[in-house]
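Participant: What follows is a predicted protein model with its sequence.
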Amino acid sequence: MNTPSNLIVAEHPLIAHKLSLMRDKATPSMQFRHLLREVSLLLGYELLRDLPTELRDIETPAGAARVPFLKGKKLTFVPILRAGNGLLDGLLELVPSARVGHIGLYRDPDTLEAVEYYCKLPDDIAERLAVVVDPMLATGHSAVAAISRLKDHGAREVRLVCLLAAPEGIAELARAHPGVRVFTAAVDAHLNDHGYIVPGLGDAGDRMFGTK
């Protein structure tokens with residue numbers, strides 16, 4: 001497919017290798033969680049590469065220098081429960097001062113539509129870059145619902161970071177929220193009849209926690 005302007009694929013051999021290990025159905029939950037955290041660190045570099053900086057004067061052991069520091073951009077990571085928490089830990093390692101909101105959604109097995117059961121966001125979400133965190137962008141319904149809820153609360157700048165994306169989900173998100181950029185490790189072929197990404201890696205939450 002042609003790469004949409006809102007899509008950024010983080011192509012890196014380390015990401016590709018770790019993702020391949022995660023796709024293997026024989027990979028145990030403990031290793032899957034560890035790999036997911038590692039990939040989230042690598043995705044975070046791409047996701048946050050345009051954060052603004054400012055120059056400040058410091059003293060190094062060898063003398064004075066004027067060096068860049070983050071300019072104080074306010075961040076909020078918003079994982080979609082439950083699987084989104086798997087990517088959250090690595091992102092917080094990069095930006096430990098970020099606030100964290102949570103949106104709980106589940107997919108109706110018959111309609112594949114997203115159903116919300118929980119939402120808790122920082123009061124000043126309108127002043128922050130809000131990053132929706134979810135391993136899989138499949139049908140796009142959960143991501144669209146989460147971003148809509150963020151905008152209802154006043155969010156003005158929103159991004160989405162995910163491990164895998166399907167063309168159907170990318171198109172749905174671009175239709176509903178054309179200004180939202182998507183950062184992903186890979187784009188797979190398509191969705192199956194049950195709305196799962198193919199070849200994918202199965203249900204990310206179940207793989208993380210050893211459930212079915």
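Facilitator: Yep, it's here. Residues are numbered from 1 along each chain as shown.
Participant: what comes into contact with the longest helix seen in the chain?
Facilitator: The longest helix of the chain (DSSP state H) is helix 29-47. Around helix 29-47, the neighbours that count as contacts under Cβ atoms under 8 Å, 6 or more residues apart in numbering are 8, 10, 12, 14-15, 18-19, 21-22, 27, 86-91, 93-95, 131, 135, 159, 161, 163, 183-185, 204, 207-210. Any C-beta I mention is one placed from the backbone N, CA and C, and that applies to glycine too.
Participant: Cross those residues against strands and list the overlap.
Facilitator: Judged by DSSP state E, the contacts of helix 29-47 include 8, 131, 159, 161, 163, 183, 184, 185 as members of strands.
Participant: In ChimeraX, how would I select just the buried ones from the contacts of helix 29-47?
Facilitator: Buried residues among the contacts of helix 29-47 (16 or more other Cβ atoms under 10 Å), as a ChimeraX selection:
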select :8,10,12,15,18,19,21,22,27,86,87,88,90,91,95,131,135,159,161,163,183,184,185,204,207,208,209
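Participant: Mind putting the ones in strands among the contacts of helix 29-47 into CSV with pLDDT and distance to residue 102?
Facilitator: What follows is the ones in strands among the contacts of helix 29-47, written out as CSV (pLDDT from 0 to 100; distance: Cβ to Cβ, whole Å):
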residue, pLDDT, distance to residue 102
8, 95, 24
131, 97, 13
159, 97, 17
161, 97, 15
163, 95, 18
183, 97, 20
184, 97, 21
185, 96, 23
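Participant: quick one: which of those residues is nearest residue 120?
Facilitator: Closest to residue 120 out of the ones in strands among the contacts of helix 29-47 is residue 131 (15.7 Å), distances taken as Cβ to Cβ.
Participant: model confidence over stretch 115-127, on average?
Facilitator: For stretch 115-127, mean pLDDT is 91.
Participant: For beta bridges, what are the partners of residue 114?
Facilitator: residue 107 (DSSP bridges).
Participant: That one is in contact with residue 141, isn't it?
Facilitator: Yes. Look at residue 114 against residue 141 with Cβ atoms under 8 Å: they come within range, at 4.4 Å.
Participant: What number of residues are in the vicinity of residue 77?
Facilitator: 24 (other Cβ atoms under 10 Å).
Participant: go on, residue 190?
Facilitator: 11.
Participant: do you know how far it is from residue 199?
Facilitator: From residue 190 across to residue 199, the span is 10 Å (Cβ to Cβ, to the nearest Å).
Participant: And residue 82, by the same measure?
Facilitator: 23 Å.
Participant: cool, residue 206 as well?
Facilitator: Distance of residue 206 to residue 199, given as Cβ to Cβ: 16 Å.
Participant: list the contacts for the spatially most central residue of the chain?
Facilitator: Note on the chain: the residue nearest the mean C-alpha position is residue 161, at 2.3 Å, using Cα atoms, centre = their mean. Residues near residue 161 by Cβ under 8 Å, 6+ apart: 40, 43, 44, 47, 87, 91, 131, 132, 133, 182, 183, 184.
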